[in-house]
Each structure stands twice: as C-alpha cells, then as structure tokens.
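Student: 3D, please:
(chains A and B)
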Amino acid sequence: MANMSLTKNPMPAQEPDVRNKNFAEVTLGYTKEQALDEAQRCLNCKNKPCVAGCPVSVRIPEFIAKAAEGDFAGAYDIITSTNSLPAVCGRVCPQETQCEAKCVRGIKGEPVGIGRIERFVADTHNAVGETPVRKPKSNGHKVAVVGSGPAGLTAAGDLAKRGFDVTVFEAFHVAGGVLSYGIPEFRLPKAIVAREVEGLRSLGVKIETNAVVGKAITVDELMGDAGFEAVFIGSGAGLPQFLKIPGEAALGVYSANEFLTRINLMKAYKEGSATPIMRPKKAVVVGGGNVAMDAARCAKRLGADVSIVYRRGKDELPARHEEVEHAEEEGVIFNLLSNPTEILADENGRVKSVKIQRMELGEPDEKGRRRPVPIPGAIEEIETDCVIIAVGTSPNPLIASTTDNLETNRHGCIVADDAGLTSHKSVYAGGDAVTGAATVILAMGAGKTAAAAIAAQLG
Amino acid sequence: MFKIIKKEMLSPMVSRLTVSAPLVARRCRAGQFIILRTDADGERIPLTIGGYDREAGTVSVMFQVAGATTEKLMAMNEGDGLADFVGPLGKPTEIEGLKRVCVVGGGVGCAIAYPIAKALHEQGTHTTVVIGFRDTSRIILEEEFKSASDVLHLLTDDGSNGRKGFTTVALQECLEAGEKFDEVIAIGPLRMMQAVANLTKTYGIKTTVSMNPIMIDGTGMCGGCRLTVGGEMKFACVDGPDFDGHEVDWDEALARGAMYRDFEQAEHKEVCNLLGISK
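Tutor: Numbers count the residues shown, from 1 in each chain, chains lettered A, B, ... in the order given. Alright, predicted model coming up:
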C-alpha cells in the first residue's frame, strides 16, 4: 500500500541563521527512513508522466520502486543507465518544473520528492567508497569533447559507456564547468562534482585541463592531425553581460561570474586563500535568476547585508522557487520592481551607492510577461559598497570564431539541429553554447542526445 | 605539472623561467599571455609570453616579485613543477606590414617588449627601441635588445647607466628630430604607457599599449579585466591585451589596478615572513 501522505517528507536543512554564516551544504539530505517513506509515496503509474518531464529520461518509477524496497544499489544502477551525474541532479535540477511537475501525486497534494530520493540514492552509493573500474570495451573511435560542464560530462560519459575513446578539453584547471566555478559549495559541494568526474575517469574518459580550445588548439586541428572523428562542443555561456550604465568600472562592481569564480573555484572565502575577494558591508545584487540568488547568498556568507534588485515583481523572478525561499530565509532583502540606472563611486573610485528607478508592471510583452515600466520621478539611492551584476551570460565566441564554417545566430549561439549536429560536418554542440544560459539538466539532455547521434554516425 | 626547465636571473629583481608547455608553445605568438598557478592552492596570475621554442615545446615568462604569488614563483627552481600553465591567451600583437616602429619598454615591461621588438626586427621592420629602468641594477635584456633593434636608447631614471630620464625623454627627442614612425608600441607601467600615449597623440602617431589588468580566467568569462577603450567596455583578456593607447581610459585603469592592493601587500608580507626574506 502506497504512503498516501499529501506532503513530501521535508528536507532536513541547516537553520537559516546558522547556514548564512558558513559555506557548508544547506540541505542535509534524507535519512534512510525518510527516503524509504518518500519512495513509498510513488504510485508507480503505468504511463510514467514523470519520465516525460525529465530531459535525460531517468526511469523514475523503476528506481523509486527499488528504493522503496531498500535496494538503493539497484536504484543507483537504474538512474545511472541514463544519467551520468545523479548526485548533481538530485541537488540542482528544477524538479518542480520537470519530473515533479508531471507527478500524479501533485494533482492533490505535493508530488513525490523525486529529486530528494535521487540524491539519497546517489549519496548512498558515493558513501560506499571506491567506484569499481568498469571500463567498457573500446570500439576504436576517438571523440573530443570541448568543455567539462554538465553537457560535456554527460556526452563524455554516454560515449565512453558505448566504448568510444573520449578526451575532454577544459580551459580551467579543474573539471566541472559551471558546477565548479558557478554553483556554490553550499548548494553543490565540490567534492561531489569531483567524485562524479572521477566516475567518468574510471570509464576511461581522459580529461585535459588547462586546454583552451580555440587558442591552444582549434576544432579543425582536433578533427585533423589530432585524429578525432567527431567533436562535441559544450563550452557553455560564459561571457558576462553588464548593464551598460554609468559607473560599472567602479571598484566593488563584480560580474556574478567573477564573484562566484573567486569564491567557488578559487576558494577565496576560505581564510588564507591566495585569491582575494572583497568582503563587503553591503552588497546589491542585480538580477533575479538562480545566479543572482547564488551570488546574494555568497555575499551574505561573507558577512554583507544583501539586497537583490530586480526590475519585475516577485512572481516574475526566474530563479527556482526553492532558491528564492532559501535566500529570503537567510536574510536577503528583495528590492523588487527596481532598476539600477547608475553606480556612484567615492573619490577613490570605490562604489558608494546605486541609483534605482522604481518600476511598475505594464502591458505583457511578446512572451506574455508583464513589461516593467519606470514610474516617473521615482528614483532612489541605495548605499552600498559592492554591486554584483547577475543579468545573464552569453556564449563565448572563442570557439565559433576559430572554427571554419561553424554557424552561429545573432546571439552568438552555435546553431545545431535537434540531434546537436552543427553546420560543420561531424561537429556537434549542446547546452548553453547552443541555447544561451539555461539549466544544468537541459545541458545534460543535449549532451545525451548528441552522444547518441555521434554513436549513430560513427558506430 | 609543468616543469621549469631553466631559471635565469636577468637582474637581481627579474627572473626568466623556461617552462615545458607543449600545448602553449605550438601556436603562441608575441604579445599573447599565459595564466599560471604555482601550486594547487595558488592564485591564477597572468604573465605575458617572453619567448618560445616550438620544437622543444617550451615557453618562457619573465617577472619580478610584486606579490605573494610572484614571491612563491621566485622561490621555485629548475626541475620544480608549476601546477598549471594555460595559454596562449589574448590576441597577438599585430606587426604585419609595419615599416618603421618605435618599441618603448619600461622596467619589467621590457620582458614583453623584447619578443615584439625581435619579431619586428626579424621581419625587416626598422626598429627603434627605447627602454628605461629605475637604476643600473634593474637593467634587463640589454644585449638581446641590441640585436633586436636598429637603434637602441637605454635610459635610467637616476642616470646611473645610459641616459638619465624617463623613456618619454628619448622618444620626444626622436620625434622632435623628425623621426617618422608608423606606430609606437609601449609596454610598461600604466603611468609610462599613459605618458607615451599623451606624447604621441600630439604627433598623431598610432600607439599600441599592452594592458595587464587583474583577471582570473583569461578567456572572457569573469569580466574582471574590463577597461574602457574609446568609450566602450573591453575585456583585456580576449579583446586585448593590446589597445589603442589614445583611446584607453587611463584614470579608470589606474584605479582598477588598486582593487586588491591592501590584500596583496598583506599577503606579500606574510609570504616574506614565511620564507624568511627580509624586506
């Protein structure tokens, strides 16, 4: 008999007033009892609507059935048959708009906590220790993957499982892409990312860090003398956008990318770190997406009074609901319907305040979102010593500009068909490099699709 | 690990490291830079490429101690390994088709000026070199510059070697004497490059400067290296490091360079104490 509770087992978490002063993981994960109890809420529907909501088609009811029996190893095998990064997905996927949005239990009450069970299954597996070596038999084909973020790692994992000889090229000194430099430790511990990357290495995937494709070696060279038969480009959307308002060069203005990279990748939050970071008294974060929430919560943990400035209202915030809630609990102030128009600096060039234009919601735009319009004369000045700009990123032109015949659109995104194939023969692309900034799981889905297409082409 | 093949002291202050980095050596060109970390907990610092040997797969960088990381780097020796060494980054200096050029180098910036002068000289460009140092003890690459230039002017601020004065003194003399340059390329402290750009502006000579701001990734990702050039925001790592010296917002660049000065000085002091180096 299924567990008919209308609500999910709540996720244990650090208390807000404690966690907003440390970088340890906010949510603590289910206990075995909670995982078993939650797994029993699944009705094991015949038509599996949840699976259709998952970009990598995790066999959700099947793995939950195993978990409900207490067979967590069996559940892990089912998840990893389609998903190379379960411990990551269990933490950062927007389940509420994907698998859980389709869950039948969500019609009356809360959906099954699919992500939470997935995380428990993955963490249980990872706690056991050594990943057994399970290198598949080689099929003799060489494939290069550019970028080691979620798209690249997924493509690499899926190709390696099929017997391809895969080399991943990463520009940074650490693999993981946005999982390493962008998403903070308190949301996705870096040990977990490293563990998932190790898992890929045990499949035979080679990872070349410090390798900037487009500079040190081009895609055409990879396909030429280097002997790769296909290339998958998963180089992400790493170029930060600025507001183009006066004062953005002032000291204390960061792009969210810079702020987060200093903290997450370079560990600048740690005492004695070789990489400096400003420890602001007050910080204004501009933007309303997940990256803005991450930046705001990092600034809070560095000891700042933090406010988010966003030009639309609360309902329009593009961030995951849970991230907004966590930020609010931790004391981040939301300055909604506000648009920065100028950053003012003191005589030393350091930020002292931000000028804000108050907005109201007007007519809906072409996407149906109500357009923010300025309220005449409603201008305020907010005192702050730090401004973090989190209004989006666009794809890095480094690869497209150095590859022959690689078509991009007017946003700089690489043009690829549904299977990930670009205008360049045997070159595939997926993730943010194609879509512009989106989510980890969509990038993983694209990596998976392209891996299947590459296998079909070369296999 | 990227092995240090050779370490030379070019002056008591400036060291040249030749590092085994085949992936960087295969395509790099004068004017580009690398980013290195000394160890797994280290900071990422950009250094301009000072030379390379494609066959040997080596790249050389020159530096003087400026903070904690360069201090650690200075303490490393032949045979030691650097944790990371990534590049080539940035755009190469554009020298094609230039007939008469003046290369101006200041202090450790001469380390970057040298490969450019060499490349110009090798392609047959008439190359005037003006290099300046604080005093005799800080002179580097004098012999190398002699063989990479048609005319060489060496100055020291205190007159302890060569002529006395800043690089602009010699440059101004050349210009007043009616020397015609297609371009002036200046590499050195921001104040020096600004002074050169101000001088050449009055003569209407195109002037390229090599900017070296604070950066993390070197691939356009962090935006920390942003500059205002001709009223537009540019990233030194991908749009540069070379820019039109007449268009750079120098005051802004100078202010941004001071972002972490307190931190750097504290770290520097700490490392000095750790290594027992007295200041």
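
Student: going forward, measure contacts between C-alpha atoms and count neighbours the same way
Tutor: Will do.

Student: phi, psi of B:Gly107?
Tutor: phi 60, psi -130 (degrees, to the nearest 10).

Student: now for it: which residues touch it?
Tutor: B:Ile131, B:Gly132, B:Phe133, B:Arg134, B:Arg138, B:Ile139, B:Gly188, B:Pro189 (CA atoms under 8 Å, 6 or more residues apart in numbering or on different chains).

Student: which among these gets closest to chain A?
Tutor: If you rank the contacts of B:Gly107 by distance to chain A using CA to the nearest CA, B:Pro189 comes first, at 19.8 Å.

Student: now do the contacts for that closest one.
Tutor: By CA under 8 Å, 6+ apart, the contact list for B:Pro189 reads B:Gly106, B:Gly107, B:Gly109.

Student: go with 7 Å
Tutor: Contact partners of B:Pro189, counting by CA atoms under 7 Å, 6 or more residues apart in numbering or on different chains, are B:Gly106.

Student: just the contacts of B:Gly107: which are in strands?
Tutor: The strands, defined by DSSP state E, take in B:Ile131, B:Gly132, B:Phe133 from the contacts of B:Gly107.

Student: can you put the contacts of B:Gly107 in CSV and add pLDDT?
Tutor: Listed next are the contacts of B:Gly107 as CSV, based on pLDDT from 0 to 100:
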residue, pLDDT
B:Ile131, 96
B:Gly132, 95
B:Phe133, 95
B:Arg134, 93
B:Arg138, 92
B:Ile139, 93
B:Gly188, 94
B:Pro189, 93
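
Student: would you mind listing what in chain A touches chain B?
Tutor: Contacts of chain A with chain B, taken as CA under 7 Å from any CA of the partner chain, map to A:173, A:210-212, A:215-216, A:238-240, A:251, A:255, A:257-258, A:274-276, A:349.

Student: which of those are buried?
Tutor: A:173, A:210-212, A:215-216, A:238-240, A:251, A:255, A:257-258, A:274-276, A:349 (16 or more other CA atoms under 10 Å in any protein chain shown).

Student: ok, the contacts of B:Gly107 vs B:Ala177, which is closest?
Tutor: Looking at the contacts of B:Gly107 and their distance to B:Ala177, the nearest is B:Ile131, at 18.5 Å (CA to CA).

Student: pLDDT below threshold where in the chain?
Tutor: Going with chain A. Along chain A, the parts satisfying pLDDT under 70 run over A:1, A:129-133.

Student: should've been chain B
Tutor: Using pLDDT under 70 as the threshold, the predicted model of chain B has low-confidence ranges B:267-279.

Student: mind giving me the domain split of it?
Tutor: Taking automatic domain parsing as the reference, chain B has its domains at B:2-89, B:100-257.

Student: just want the residue of chain A that's nearest chain B.
Tutor: In chain A, the residue found nearest to chain B is A:Glu258; the distance is 4.3 Å by CA to the nearest CA.

Student: identify the residues contacting that residue.
Tutor: Going by CA under 7 Å, 6+ apart, the list of residues near A:Glu258 reads B:Cys222, B:Gly223, B:Gly224.

Student: now swap in B:Met76 and tell me
Tutor: Contact criterion CA under 7 Å, 6+ apart gives no residues in contact with B:Met76.

Student: do B:His121 as well
Tutor: Residues touching B:His121, when contacts are defined by CA under 7 Å, 6+ apart, comprise B:Thr127, B:Ala148, B:Ser149.

Student: so which strand or helix has it?
Tutor: With the criterion set as DSSP states H and E, the secondary-structure element containing B:His121 is helix B:110-122.

Student: tell me if A:Ile308 really is in a helix.
Tutor: No. Checked against DSSP: H, G, I helix; E, B strand; the rest coil, A:Ile308 lies outside a helix; its state is strand.

Student: bridged to it, which residues?
Tutor: With DSSP bridges as the criterion, A:Ile308 is bridged to A:Val285, A:Phe334.

Student: I'd assumed A:Phe334 was in contact with it.
Tutor: Yes. Using CA atoms under 7 Å, A:Ile308 is in contact with A:Phe334, at 4.9 Å.

Student: those two: who's more crowded?
Tutor: Neighbour tally, A:Ile308 and A:Phe334, criterion other CA atoms under 10 Å in any protein chain shown: the higher count belongs to A:Ile308, 25 against 20.

Student: identify the residues contacting that one.
Tutor: Taking CA under 7 Å, 6+ apart, we find A:Ile308 in contact with A:Val284, A:Val285, A:Val286, A:Gly287, A:Ile333, A:Phe334, A:Asn335.

Student: recalculate using a threshold of 10 Å.
Tutor: Counting by CA atoms under 10 Å, 6 or more residues apart in numbering or on different chains, A:Ile308 makes contact with A:283-288, A:292-293, A:295-296, A:327, A:332-336, A:338, A:387-388, A:390.

Student: name the SS class of the residue in the stretch 101-250 of chain B that chain A sits nearest to, please.
Tutor: With CA to the nearest CA, the shortest gap between the stretch 101-250 of chain B and chain A falls at B:Cys222, namely 4.3 Å. Secondary structure of B:Cys222, reduced to three states by three-state DSSP: coil.

Student: now do the contacts for it.
Tutor: By CA under 10 Å, 6+ apart, the contact list for B:Cys222 reads A:238-240, A:254-262, B:215-216, B:235, B:237.

Student: cool, A:Ile183 as well?
Tutor: Contacts for A:Ile183 were tallied using CA under 10 Å, 6+ apart; they are A:92, A:177, A:189-190, A:260-261, A:263-265, A:290-291, A:294-295.

Student: again with A:Arg262
Tutor: Listed by CA under 10 Å, 6+ apart, the contact set of A:Arg262 reads A:Tyr181, A:Gly182, A:Ala256, A:Ala268, A:Tyr269, A:Thr275, A:Pro276, A:Ile277, A:Met278, B:Glu43, B:Ile216, B:Cys222.

Student: that one: what secondary structure?
Tutor: Following three-state DSSP, A:Arg262 is assigned to helix.

Student: state the distance from it to A:Gly109.
Tutor: Going from A:Arg262 to A:Gly109 by CA to CA, to the nearest Å gives 41 Å.

Student: tell me where the stretch 51-200 of chain B has strands.
Tutor: Counting by DSSP state E, counting those that start in this stretch, the segments of the stretch 51-200 of chain B that form strands are B:58-64, B:81-82, B:84-89, B:100-106, B:126-133, B:151-156, B:163-164, B:183-187.

Student: so can I have JSON lines of those showing mean neighbour count and distance to chain A?
Tutor: Shown next, in JSON lines, are the strands of the stretch 51-200 of chain B (neighbours: other CA atoms under 10 Å in any protein chain shown; distance: least, CA to the nearest CA, whole Å):
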{"stretch": "strand B:58-64", "mean neighbour count": "23", "distance to chain A": "13"}
{"stretch": "strand B:81-82", "mean neighbour count": "18", "distance to chain A": "12"}
{"stretch": "strand B:84-89", "mean neighbour count": "28", "distance to chain A": "5"}
{"stretch": "strand B:100-106", "mean neighbour count": "25", "distance to chain A": "26"}
{"stretch": "strand B:126-133", "mean neighbour count": "26", "distance to chain A": "29"}
{"stretch": "strand B:151-156", "mean neighbour count": "20", "distance to chain A": "31"}
{"stretch": "strand B:163-164", "mean neighbour count": "18", "distance to chain A": "33"}
{"stretch": "strand B:183-187", "mean neighbour count": "26", "distance to chain A": "23"}
